[in-house]
Each structure stands twice: as C-alpha cells, then as structure tokens.
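S.K.: What follows is a predicted structure for the sequence shown.
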Amino acid sequence: MIVRFVLMMGVLMGASIGLADEPVFPSELTAFVPSGQGPVFTARGEGHWDVKIRERGFVLKEGPVWHMWFTGYDGTRPGLKMLGYASSRDGVTWRRHKQNPIYKAHWVEDMMVVKQGAVYFMFAEGRDDVSHLLVSIDGVGWTRCGPLDVRLTNGKKIPDGPYGTPTGYYENGTWYLFYERRDAGIWLATSTNTRTWTNTSDQPVLKPGPGLYDRDLVALNQVFKHKGRYYASYHGAAKGEETPTLWSSGLAVSDDLKRWTKYPGNPLRPRKENKSSGVFVHDGARFVFYTMHGAVHRHLPVTPKR
C-alpha cells in the first residue's frame, strides 16, 4: 500500500520518484499529434477480402522494416476474421503482402505480436473471444498452437466464457499474459512455456473507471518497458453514452506488472476521435503512436518548446 501511495503521489504532483529521477509519465509517451490529415492504412473495401479491418492490429519495427498485422473481414459480425500483413520502410507508406490474407484457416482478430529469439509469437482472439496463440519464423507463415490454457491461482481452469484481447510480454524467462473478460477488467497470468498459464491473482489487475473514457470497459493492447518502468497501452469506453460506442486510448504505469496506475491525463486522444487500440513503436529516435480502430492513424510526439 505504501508503494502504491508513493507512486500515486508522484503521478498527481508531476514529481519524479526513484529510477534516476525520471517522470512517471514522460511527455514522450503522453503528448502526440496526428502526423497527417487522415489514416496511413485502411481497409480496401467492397470487392476485397478486407472490406473492413478490426481493432486491434499490431505494428513492430525491426531494423529498417516496419511490420503491420491486421484483421480483415467482410464487414459483418459473423464474418470470418482473417489475418493480413503489410510492411513499410518509413512507417507511413505500407505495402500489402501479395499472399493476403496470410492466414484464414481459423478466426484471428485483436492480435498482438512478441518477437522472442527467432520466433514471432502472436496472441490473438479466436472465435467467441477465446485467446489463441500462433507462432511464426518469418511473420508471414503462421502455425496455430490453439487456445490458451489459463488457470486460476488454485490450478483449476478459469470459468467458461470469453477471455480475449490477449497481450503477451516476455522477461527473464517468464511469459506474462494480460487478458480481459467481457471487457470488465484485465487479468494477469504467467507461464514459462506458453502452454499453461496461471493467474497471479483471481482479481483483475486493471479495472474500468473512474473516468468517463474507460468507465465501463477496458482491454489491453501492449506492455513495454521504458526507463526502468513498465507501461501499458490500453483502450476503454463507457456504455450507453454514444452509438456506436466511442473507444479511446489510455496509458498506465507499473513497477511490477501487477499494480497499475493510470495516467491522469487520459485519454491520449480525444474521445470524439474514436481512436483506440493504441500501439507505441520506437523508431530509433522517438516513440510513434499508432491507433488502429477501423483504420490505422499515425501520431508523432509533440516537440517541446524551447
């Protein structure tokens, strides 16, 4: 409780606490502006396999190559959600892979990717919001490992029902899995082999609210480390406020991956923009922020005034 109190006070006062006196929420992770007038990537529309694209997709930069994985479908709720891939040399202009969709044997949506060693690990939703794992050597050809086996702290399987929007993170021989249940909270489970996962607690590590932007619904997009702290990009919404529901992007910080504090300035983009499923990508000099709700928008950090 003392650690959490100190962290919260540091956030509210804009202070720096430990970790080389770095701000808890540095401006390079919180202040962004659109890089252009419109999206950098969209669905191809009627007559194509990707009439629409689903949130969440993922962007990963390796050397000079930017990778993007996205879900395309026919625009209907029951339509099969298929995996697409595009690449770029600048993060702005994207070339679709000639074999798209690169995976259509099973339902794949709301995915994210972790590169560990020589293998790409994709954490994705399958049909009925069940979390699945796929693996690849080149990021294009994927092998499905099947649904994730998630257990309660007592070793029993979690209750039946959806457990989706899985987010993976790897550190020091341990895999961390963040997943939501009906968007009512985010749980954390760990594994050493990606086959069996065990909750660190049977209570969510991140809950909705109290802000309107995430009052009722939350789901995680990405976890990454920056200047000694863990950061989570997530999206949230309030039920019944608008039709369709407006989802927005949020940021949270943690020192142990289990206790999270939300950025007081959330959402990172105005709710009216309906830009969510945010992904932070470091281009070698700065963080670039992509939102992937229905279309992919690119945002650049605000240059500090001198």
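M.R.: Now that the structure is in, tell me what you want to look at.
S.K.: and stretch 254-270, how far apart are its ends?
M.R.: 24 Å (CA to CA, to the nearest Å).
S.K.: who touches it?
M.R.: 3-4, 7-8, 11-12, 24-25, 30, 32, 169, 176, 188, 200-201, 205-206, 211, 213-214, 223, 229-232, 236, 248-253, 275, 278, 289, 291, 299 (CB atoms under 8 Å, 6 or more residues apart in numbering). Yep, even glycine has a C-beta here, placed from its N, CA and C like the rest.
S.K.: In strands, which of those residues fall?
M.R.: The strands, defined by DSSP state E, take in 32, 169, 176, 188, 223, 229-232, 236, 248-253, 289, 291, 299 from the contacts of stretch 254-270.
S.K.: Now a ChimeraX select for only the buried ones of the contacts of stretch 254-270.
M.R.: Selection of buried members from the contacts of stretch 254-270 for ChimeraX, criterion 16 or more other CB atoms under 10 Å:
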select :7,11,24,25,30,32,169,176,188,200,205,206,211,213,214,223,229,230,231,232,236,248,249,250,251,252,253,275,278,289,291,299
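S.K.: what pLDDT does Ser16 get?
M.R.: Listed pLDDT for Ser16 reads 39.
S.K.: Could you find the closest non-adjacent residue to Trp175?
M.R.: Nearest-residue entry for Trp175: Ser191, 4.6 Å, with adjacent residues in sequence omitted and distances by CB to CB, 6 or more residues apart in numbering.
S.K.: what about the one you found, how many neighbours?
M.R.: A count of nearby residues for Ser191, using other CB atoms under 10 Å, gives 19.
S.K.: Surely it touches Thr200?
M.R.: No - between Ser191 and Thr200 there is no contact under CB atoms under 8 Å: 11.1 Å.
S.K.: for Trp247, which residues make a bridge with it?
M.R.: Under DSSP bridges, the beta-bridge partners of Trp247 are Ala237.
S.K.: Start the count at 481 instead of 1 going forward.
M.R.: New numbering, starting at 481: the last item is Trp727.
S.K.: Pull up the gap between it and Val768, please.
M.R.: 20 Å (CB to CB, to the nearest Å).
S.K.: cool, Ala717 as well?
M.R.: 24 Å.
S.K.: These two - which one has more neighbours?
M.R.: Set Ala717 next to Val768 and count neighbours by other CB under 10 Å: Ala717 wins out with 24 against 21.
S.K.: Could you pull up the contacting residues of the more buried one?
M.R.: So Ala717 contacts 663, 693-697, 725-728, 756 (CB under 8 Å, 6+ apart).
S.K.: Among those, find the lowest-pLDDT one for me.
M.R.: Of all those, Thr725 has the smallest pLDDT value, namely 91.
S.K.: for this protein, which spans come out with low pLDDT?
M.R.: Applying pLDDT under 70 to the chain flags residues 481-500, 784-786.
S.K.: Go ahead and confirm Trp667 touches Asn679.
M.R.: Yes - taking CB under 8 Å as the definition, Trp667 is a contact partner of Asn679 at 6.1 Å.
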